[in-house]
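1. The following comprises the amino acid sequence and a computationally predicted model.
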Amino acid sequence: MEDEKRPLPSPEPAEQLGDRPELRSGPALRFETSRHPSGAAVLHAIGAIDDDTSADLWIELGIWSEESSDLILDLSGVDFLGTAGLTSLLEARDVIGAEGKRLRVLCGGSQAARRALQVTGAIEEFDVLDRVPDEPLGSRETVFAVPDPGVRLDGSVRATGD
C-alpha cells in the first residue's frame, strides 16, 4: 500500500506555534479548586468557555456541587464567555438550586465574563459577587462597569439625540 510508505508529518517547532494559538498544546479551559473558609467550594475557571468547553464547565459544576451545598464559580480567569457557556451556567444554576444548593458567580477582573453576563441580562439570574465573601477589601480586583445611558464610554456626558 502506497499510503503506508508516506512519512508521518513532523510536529512544528514550538517557536513557530507562537503565531498560531490554535496549535498550542494545553486545554482551552482548565479548573482549579479551593475551599473558602466558610466551607464553600470555590471552582476557578481559567480560559475560554465556548461551544467546545461548555460541557466541561457543566461536568465540573456537577462534580463540585456534590461536594458542597455552597459553590462559588470564580470567572476571574475567563477570557471568553460565549452563549454555550452562559447556557451551561443557567442550566447548572437550575439543577443546583433544585437540589437546595447555592451557586454564586465571581467575575473579578474578567471583563469578558462580566460583559457577557450584563449584555445578555443573565447577570440578573445569578448571585454575582465582586469578590469572594470575607476576602480582605485590599485584595479586591477592579470590576468592569457599564456606564449610565447618559454617559459615553470615555466618560463625557451624552447630548440629547446622540
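-> Cool, got the structure.

2. just for this protein, where's the confidence low?
-> 1-27, 130-155, 160-162 (pLDDT under 70).

3. which residue ranges form the helices in it?
-> 14-17, 54-67, 83-98, 111-120 (DSSP state H).

4. and Phe31, which of the ones you listed is closest to it?
-> For Phe31, the closest of those is helix 54-67, at 5.1 Å, according to C-beta to C-beta. Just so you know, the C-beta spots here come from the backbone N, C-alpha and C atoms, and that holds for glycine as well.

5. Identify whichever of the helices of the chain lies nearest to Gly39.
-> Short answer: helix 54-67, nearest of those by C-beta to C-beta, at 10.5 Å.

6. In the closest one, which residues are buried?
-> By 16 or more other C-beta atoms under 10 Å, the buried positions in helix 54-67 come out as 54, 56-58, 60-61, 64-65.

7. picking that back up, so which of the helices of the chain comes closest to Ser34?
-> helix 54-67 (10.9 Å).

8. Strands along this structure, start to end?
-> Under the criterion DSSP state E, the chain carries strands at the ranges 29-35, 41-49, 70-81, 102-106, 127-129.

9. Serialize the ones you listed to JSON lines and add fields for distance to Asp94 and mean neighbour count.
-> As requested, the strands of the chain are exported to JSON lines (distance: least, C-beta to C-beta, whole Å; neighbours: other C-beta atoms under 10 Å):
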{"stretch": "strand 29-35", "distance to Asp94": "21", "mean neighbour count": "15"}
{"stretch": "strand 41-49", "distance to Asp94": "17", "mean neighbour count": "21"}
{"stretch": "strand 70-81", "distance to Asp94": "14", "mean neighbour count": "22"}
{"stretch": "strand 102-106", "distance to Asp94": "9", "mean neighbour count": "20"}
{"stretch": "strand 127-129", "distance to Asp94": "14", "mean neighbour count": "15"}
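
10. Before I go, just wanted to say thanks for your time.
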